[in-house]
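**Q** Would you be able to build a 3D model of this:
(chains A, B and C)
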Amino acid sequence: MLRQHQTTLHVDTRGRGLAEITRPVSEWVAQSGLREGLLTLFVRHTSASLVIQENADPDVRGDLDRFFARLVPDGDPLFRHQDEGPDDMPAHVRAALTAVQLSIPLTHGRLALGTWQGIYLWEHRTRPHRREVVAHLLGEPGPA
Amino acid sequence: MLRQHQTTLHVDTRGRGLAEITRPVSEWVAQSGLREGLLTLFVRHTSASLVIQENADPDVRGDLDRFFARLVPDGDPLFRHQDEGPDDMPAHVRAALTAVQLSIPLTHGRLALGTWQGIYLWEHRTRPHRREVVAHLLGEPGPA
Amino acid sequence: MLRQHQTTLHVDTRGRGLAEITRPVSEWVAQSGLREGLLTLFVRHTSASLVIQENADPDVRGDLDRFFARLVPDGDPLFRHQDEGPDDMPAHVRAALTAVQLSIPLTHGRLALGTWQGIYLWEHRTRPHRREVVAHLLGEPGPA
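**A** Numbers count the residues shown, from 1 in each chain, chains lettered A, B, ... in the order given. As a prediction, the model looks like this:
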């Protein structure tokens, strides 16, 4: 019998960059007791996003952030919206270029992530923020 | 007991730019009578996309469109596919860079959008179009 | 009564570029016997992605790849992570700029794709790879 669960995860970021959330997400999924299903994560902000990226070499996360800093420069005179500073509008653009939501199948009690895949919340503002990620899990305890 | 509903929303765009669809989407969700679940929106086109962006300052939407117009220039000689004009291939690239689908949890009868999040259909063609967005809702009337 | 199915599709790519997977995906969905629901595809890699793009003019796929090759140049000195060659980090950036997951409603026994929409696995590495795409289908045999 299909069931669903929901929760809200809080992520304290240290400013711009990728913060891994694979562990708290996986732990919540494990607690549900469901074994086959679909997890959906949704970030409730327009200046942060959710990405799946390599979890081995930390240079990957640094390179990603450097690339986006060059692609969407802070303080670009193109932008009119600067209410909260030079990183305000670039954060919105970065959010549009990436994902606010991810869905990941649950197979035999584990998220179907590849060997090198980790789940990250990407903070696009330069200052630390407390971010909210809503998690929705659909599934059933036995085989699909 | 989990149930599902589906519908197709029609969105008349005024040419390139972001058209807010938060209200028609929320109204359809409210009519379903479901209170806990997951909404998925899917745009049936390759030259429009779906984004969640700030719903307060309209400059944000203008800046987004200006940024993408600079990033993916109309009439770029790089592009061979120009069947429908200089904005044809840039529209496909913009669609690849953004999202064709969004899933948003439904919590206590409301979409789990953050305070500043609105749902937008992003028209990438310069001329107005009638666009179709398929909405799928999974959920149940009571608490999850 | 809502049910779910899961499978893993294997896609052999010929190196960088878009490989259409609409047919194997549609065939698996048809075999499920479900008529109304939601399909989710998830790619288990950080150097490939899933996109929905025009299935008519093959120039569109070529233009997409040319655009991304210019936007995220191989061997860019900005990148520190080069473990697997000059196309390694650009593949991760391309994955972040596009989607690792797609959800598509199922309506009257067919995926709700628009007329010109095809589903593609986008290989971002220059060499051929065998890629895994996990498919999750939720739905029911009768009308929603």
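
**Q** Where does residue A:66 fall, secondary structure wise?
**A** helix A:59-71 (DSSP states H and E).

**Q** Please enumerate residues in contact with that helix?
**A** A:16-18, A:51, A:53-54, A:94, A:97, A:120, A:124, B:71, C:71-72, C:76, C:78-81, C:89, C:92-93, C:96 (C-beta atoms under 8 Å, 6 or more residues apart in numbering or on different chains). Just so you know, the C-beta spots here come from the backbone N, C-alpha and C atoms, and that holds for glycine as well.

**Q** and if we set it to 6 Å?
**A** A:17-18, A:54, A:94, C:78-81, C:89, C:92-93, C:96 (C-beta atoms under 6 Å, 6 or more residues apart in numbering or on different chains).

**Q** for stretch A:41-50, same thing?
**A** Identification of contacts with stretch A:41-50 by C-beta under 6 Å, 6+ apart yields A:91-92, A:95, A:98-102, A:122-125, A:131-135, B:53-54, B:104-105, B:114, B:116-117.

**Q** got the end-to-end distance for that stretch?
**A** 8 Å (C-alpha to C-alpha, to the nearest Å).

**Q** Quickly check: stretch A:85-93 near chain C or not.
**A** No. Stretch A:85-93 does not reach chain C (C-beta under 6 Å from any C-beta of the partner chain); its nearest approach is 11.8 Å.

**Q** picking that back up, from the contacts of stretch A:41-50, which land in strands?
**A** A:101-102, A:122-123, A:131-135, B:53-54, B:104-105, B:117 (DSSP state E).

**Q** Dump those into CSV; add neighbour count, distance to chain C and pLDDT as well.
**A** CSV is the format used below for the ones in strands among the contacts of stretch A:41-50 (neighbours: other C-beta atoms under 10 Å in any protein chain shown; distance: C-beta to the nearest C-beta, whole Å; pLDDT from 0 to 100):
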residue, neighbour count, distance to chain C, pLDDT
A:101, 23, 9, 98
A:102, 23, 6, 98
A:122, 27, 8, 98
A:123, 26, 14, 98
A:131, 23, 18, 98
A:132, 17, 20, 98
A:133, 24, 15, 98
A:134, 22, 16, 98
A:135, 20, 15, 98
B:53, 22, 17, 95
B:54, 26, 21, 91
B:104, 25, 11, 98
B:105, 26, 13, 98
B:117, 22, 19, 97
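
**Q** Widest-spaced pair of these?
**A** Pairwise distances across the ones in strands among the contacts of stretch A:41-50 peak at 23.1 Å for A:135 and B:54 (criterion: C-beta to C-beta).

**Q** Make a PyMOL selection of whichever of the contacts of helix A:59-71 turn out to be buried.
**A** Of the contacts of helix A:59-71, the buried ones go into a single PyMOL selection, burial set by 16 or more other C-beta atoms under 10 Å in any protein chain shown:
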select buried, (chain A and resi 17+18+54+94) or (chain C and resi 79+81+89+92+93+96)
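
**Q** one step back: tell me the mean pLDDT for the helix holding residue A:66?
**A** In this model, helix A:59-71 has an average pLDDT of 96.

**Q** And it, what's buried?
**A** Those would be A:59-61, A:63-68, A:71, for helix A:59-71 by 16+ other C-beta under 10 Å.

**Q** Which part of chain A gets nearest to chain C, residue-wise?
**A** residue A:114 (3.4 Å; C-beta to the nearest C-beta).

**Q** what's the neighbour count on the residue lying closest to that residue once chain neighbours are set aside?
**A** Leaving aside its chain neighbours, residue A:114 sits nearest to residue C:44 (3.4 Å; criterion: C-beta to C-beta, 6 or more residues apart in numbering or on different chains). Residue C:44 is flanked by 20 other residues according to other C-beta atoms under 10 Å in any protein chain shown.

**Q** Check residue A:115 too.
**A** 10.

**Q** Quick check: it vs residue A:58, distance?
**A** 17 Å (C-beta to C-beta, to the nearest Å).

**Q** cool, and residue A:110?
**A** Taken as C-beta to C-beta, the span from residue A:110 to residue A:58 is 24 Å.

**Q** before we move on, what about residue A:65?
**A** 11 Å.

**Q** again with residue A:92
**A** Going from residue A:92 to residue A:58 by C-beta to C-beta gives 26 Å.

**Q** and what of residue A:136?
**A** 30 Å.

**Q** Same check on residue A:119?
**A** Counting by C-beta to C-beta, the gap from residue A:119 to residue A:58 is 16 Å.

**Q** between these two, who's got more neighbours?
**A** residue A:119 (25 against 12).

**Q** which SSE is that one in?
**A** strand A:117-123.

**Q** What pairs with that strand, parallel or antiparallel?
**A** strand A:17-20 (antiparallel), strand A:48-54 (antiparallel) (DSSP bridges).

**Q** okay if I get the ones you listed as a markdown table plus distance to residue B:32?
**A** Listed next are these as a markdown table, based on distance: least, C-beta to C-beta, whole Å:
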| stretch | distance to residue B:32 |
| --- | --- |
| strand A:17-20 | 35 |
| strand A:48-54 | 26 |
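
**Q** Among these, which comes closest to residue A:7?
**A** Here strand A:48-54 is closest among these (C-beta to C-beta), at 15.3 Å.

**Q** ok now that closest one, how far from the chain's centre?
**A** 5 Å (C-alpha atoms, centre = their mean, to the nearest Å).

**Q** Equivalent analysis for stretch A:46-63, please.
**A** 9 Å.

**Q** again with stretch A:128-144
**A** Worked out by C-alpha atoms, centre = their mean, stretch A:128-144 lies 12 Å from the chain centre.

**Q** List the buried residues for it?
**A** Applying 16+ other C-beta under 10 Å to stretch A:128-144 flags A:129, A:131-140, A:144 as buried.

**Q** Out of the residues you listed, which comes closest to residue C:38?
**A** Distances from residue C:38 to the buried residues of stretch A:128-144, taken by C-beta to C-beta, are shortest for residue A:138, at 9.6 Å.

**Q** and the host helix or strand of the closest one, what other elements does it pack with?
**A** Taking DSSP H and E as the definition, one finds residue A:138 inside strand A:130-140. Contacts defined by 3 or more C-beta pairs under 6 Å, 6 or more residues apart in numbering or on different chains; DSSP states H and E place strand A:130-140 against strand A:3-12, strand A:36-43.

**Q** Adding mean pLDDT, mean neighbour count and distance to residue B:85, write these out as TSV.
**A** Formatted as TSV, those follow (pLDDT from 0 to 100; neighbours: other C-beta atoms under 10 Å in any protein chain shown; distance: least, C-beta to C-beta, whole Å):
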stretch	mean pLDDT	mean neighbour count	distance to residue B:85
strand A:3-12	98	16	43
strand A:36-43	98	25	36
